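Asks: Let me see the structure of the following:
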Amino acid sequence: MTSGTGESGSAGEGAGRDEDAVSRFVERFAAEMTEAGMQRMAARVFAALLADDDGSMTSADLGRQLRISPAAVSGAITYLTQVSMVGRERDPGSRRDRYRLHDEIWYATFANRDQVLTRWERTLKDGARSLGEDTPAGARLAETAEFFAFMQAELVGVLDRWREHRGASG
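Replies: Numbers count the residues shown, from 1 in each chain. Model (predicted):
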């Protein structure tokens, strides 16, 4: 595991860490995310960034740590940036891109899902009307839209409670 600088175990970062244990965590968490539907390489890159002390690595760092090609890193980063889990930035005075986890990554990820649920709900309601809500397919679409509306309302409440919790604990 690197410390995000391309150097393994640099002063103050990652010192005393069991690199084999870190690697096992990265692969285990990536496997869990893959099983939940994330692309395998994107899951590995995300887990590596998550386990990095500063949550930031270059393509070369990721390739070395995960033993993957630059093309595999690029594809994973493309996916992770599209779903707003990772940002791309440039080190001052450098031409190398650095990939960084967004602050409050899980909050932001679930908040973005709220927007997806809204779009899906709207499309499903339109579909139910188009098919006829009295048809079996139309009724199924209407019920699915209702489910997404419920999930969205619950998600908003959960995110609000998380903000309150973080404010109280941090």
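
Asks: going forward, measure contacts and count neighbours with C-alpha atoms only.
Replies: Fine.

Asks: Would you map the strands across the protein?
Replies: Using DSSP state E, the strands of the chain run over 56-58, 86-90, 97-101.

Asks: Burial-wise, tell me which of those comes out on top.
Replies: strand 56-58 (a mean of 24; mean count of other CA atoms under 10 Å).

Asks: Now for residue 37, how many residues are close by?
Replies: Neighbour count for residue 37, taken as other CA atoms under 10 Å: 10.

Asks: quick one, phi/psi of it?
Replies: phi 120, psi 0 (degrees, to the nearest 10).

Asks: List the buried residues for the lengthiest helix in the chain?
Replies: As assigned by DSSP state H, the longest helix anywhere in the chain is helix 136-169. Residues 138, 139, 141, 142, 143, 144, 145, 148, 149, 152, 155 are the ones in helix 136-169 that count as buried (16 or more other CA atoms under 10 Å).

Asks: closest to residue 168 among those?
Replies: residue 155 (19.9 Å; CA to CA).

Asks: That closest one contacts residue 114, correct?
Replies: Yes. Between residue 155 and residue 114 a contact is recorded at 7.1 Å, counting by CA atoms under 8 Å.

Asks: in the chain, what secondary structure element scores lowest on mean pLDDT?
Replies: The weakest-scoring helix or strand in the chain, judged by mean pLDDT, DSSP states H and E, is helix 105-131 (a mean of 87).

Asks: Tell me the helices and strands packed up against that helix.
Replies: helix 136-169 (3 or more CA pairs under 8 Å, 6 or more residues apart in numbering; DSSP states H and E).
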